[in-house]
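**Q** sequence below, structure please.
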Amino acid sequence: MLQIDNVTKQYGKFTALSEIDLSLENGVYGLLAPNGAGKTTLLKMLATLLFPTSGQIRLDGEDIFQMESRYREKIGYLPQEFGYYKNNTPRQFLRYIAALKGIPAKRAKLRIEELLETVSMTEHGDKKMKKFSGGMIQRIGIAQAMLNDPEILILDEPTAGLDPKERARFRNLLHGLAENRIVLLSTHIVSDVETIAHQVILLRGHRLHACQPPGEICRTLSDRVFELPLGEALPEGAVFLSERQTGAGAVQRVACETAPEGGMPVPAGLEDVFLYLYREEGV
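**A** You can find the predicted model right below:
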């Protein structure tokens, strides 16, 4: 179990995170919040790149910062932007990362081939990375995070730059990985979180707002989301969420306590909750 106890992170007078309490066990946790809410700060603390101003983070009862290398051996980390040598091939780069992680060369060779297959990069394994697209680079980033078969996988915007087919493959991969490890990912792609996360962590006002299964979070707007033709006047108190095209024309999704005239009730999705929850906040 990874336990986050009353963790606060301050930069001078600015509080990036305040009194965060979380208990994480095996499974996929989707970290969802607007830019500036503290997602990356939390992930960096879990990766031991930042120290909490106060509070404690413990793995199976032991402070992760006191564990030092013993903890880092158990984690895989993909930051939003990771460094790599552009003239390296994926195989060269992954061998280098494996050496830094202390993985024996024979085991690393087998693991690298397995991961290149997993992220659909086997045929590009000997091409220089400077020629790769952003999505291809991201796939190599995912592979390097998984090299040591980590017990805790920390992913900051892992699906950025991936096309829909790659994102689907990645979601399937995480489903399998989460059976025996903690997977924590931050993303702006709400559909990814809704599809793969066992628990969704919402930050609001730099504090923990919720940590619940997606279905429970969506139920906070049960019977309060409606669709009506685009351009129709909204009743007082209604919150505009989004608009979309249908076979019958454009419609707008709104949240309100009672059904608007001409409104059709629809199930609330995680994106609806996100838009409703953060409608008036910069973070």
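
**Q** domain ranges for this structure, per the record?
**A** For the chain, the structural domains run 2-218, 223-267, going by automatic domain parsing.

**Q** average pLDDT across the shortest one?
**A** The average pLDDT within domain 223-267 is 90.

**Q** first-to-last residue distance for that domain?
**A** End-to-end distance for domain 223-267: 7 Å, by Cα to Cα, to the nearest Å.

**Q** strands of the stretch 1-150 of the chain, residue ranges please.
**A** Using DSSP state E, counting those that start in this stretch, the strands of the stretch 1-150 of the chain run over residues 2-11, 14-24, 27-32, 54-59, 62-63, 75-78.

**Q** how far off centre is the helix or strand of the chain at the bottom of the mean pLDDT ranking?
**A** One helix or strand of the chain scores below all others by mean pLDDT, DSSP states H and E: helix 164-177, with a mean of 81. On the basis of Cα atoms, centre = their mean, to the nearest Å, helix 164-177 sits 13 Å off its chain's mean C-alpha point.

**Q** name the residues of it that come out as buried.
**A** By 16 or more other Cβ atoms under 10 Å, the buried positions in helix 164-177 come out as 166-167, 169-171, 173-174, 177. In this view, the C-beta of every residue, glycine as well, is placed from N, C-alpha and C.

**Q** number of residues surrounding the residue nearest to residue 82 when sequence neighbours are not counted?
**A** Closest residue to residue 82 apart from its sequence neighbours, by Cβ to Cβ, 6 or more residues apart in numbering: residue 141 at 5.0 Å. The local packing of residue 141 (other Cβ atoms under 10 Å) involves 25 other residues.

**Q** cool, residue 104 as well?
**A** Residues near residue 104, counting by other Cβ under 10 Å: 10.

**Q** any idea how far it is from residue 257?
**A** To residue 257, residue 104 is 62 Å away according to Cβ to Cβ, to the nearest Å.

**Q** what do you get for residue 209?
**A** 21 Å.

**Q** now do residue 266
**A** From residue 266 over to residue 257 (counting by Cβ to Cβ), the distance is 15 Å.

**Q** and residue 238, what does it touch?
**A** Counting by Cβ atoms under 8 Å, 6 or more residues apart in numbering, residue 238 makes contact with 254-256, 260.

**Q** run the last query once more with 6 Å
**A** Residue 238 makes contacts with 254, 256, as judged by Cβ atoms under 6 Å, 6 or more residues apart in numbering.

**Q** tell me how far it lies from residue 220.
**A** Using Cβ to Cβ, residue 238 is found at 17 Å from residue 220.

**Q** related to what we said a few turns ago, higher neighbour count, residue 266 and residue 257?
**A** Per other Cβ under 10 Å, whichever of residue 266 and residue 257 has more neighbours is residue 266, with 12 against 9.

**Q** these two touch, right, the more buried one and residue 225?
**A** Yes - contact criterion Cβ atoms under 6 Å: residue 266 and residue 225 qualify, at 5.5 Å.

**Q** quick check: pLDDT value at residue 161.
**A** Reported pLDDT for residue 161: 74.

**Q** residues contacting it?
**A** 134-135, 138.

**Q** let's see that with 10 Å instead.
**A** By Cβ atoms under 10 Å, 6 or more residues apart in numbering, the contact set of residue 161 is 133-139, 141, 167.

**Q** I'd like the mean pLDDT over stretch 34-53, please.
**A** Mean pLDDT, stretch 34-53: 94.

**Q** can I get it in CSV, CA atoms only?
**A** Only the C-alpha atoms of stretch 34-53 are listed here, as CSV (Å, rounded to 0.1, in the frame of the first residue of the first chain):
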residue,chain,number,x,y,z
PRO,A,34,-7.3,21.4,-14.6
ASN,A,35,-3.8,22.8,-15.3
GLY,A,36,-2.2,24.3,-12.2
ALA,A,37,-4.2,22.1,-9.8
GLY,A,38,-1.1,20.3,-8.5
LYS,A,39,-1.2,17.0,-10.5
THR,A,40,2.4,17.1,-11.6
THR,A,41,3.6,18.2,-8.2
LEU,A,42,1.9,15.2,-6.6
LEU,A,43,3.4,12.8,-9.1
LYS,A,44,6.9,14.3,-8.7
MET,A,45,6.7,13.8,-4.9
LEU,A,46,5.7,10.2,-5.4
ALA,A,47,8.7,9.8,-7.7
THR,A,48,10.9,11.4,-5.0
LEU,A,49,11.8,14.4,-7.3
LEU,A,50,10.2,16.8,-4.8
PHE,A,51,9.9,16.7,-1.0
PRO,A,52,6.7,17.5,0.8
THR,A,53,6.7,20.7,2.9
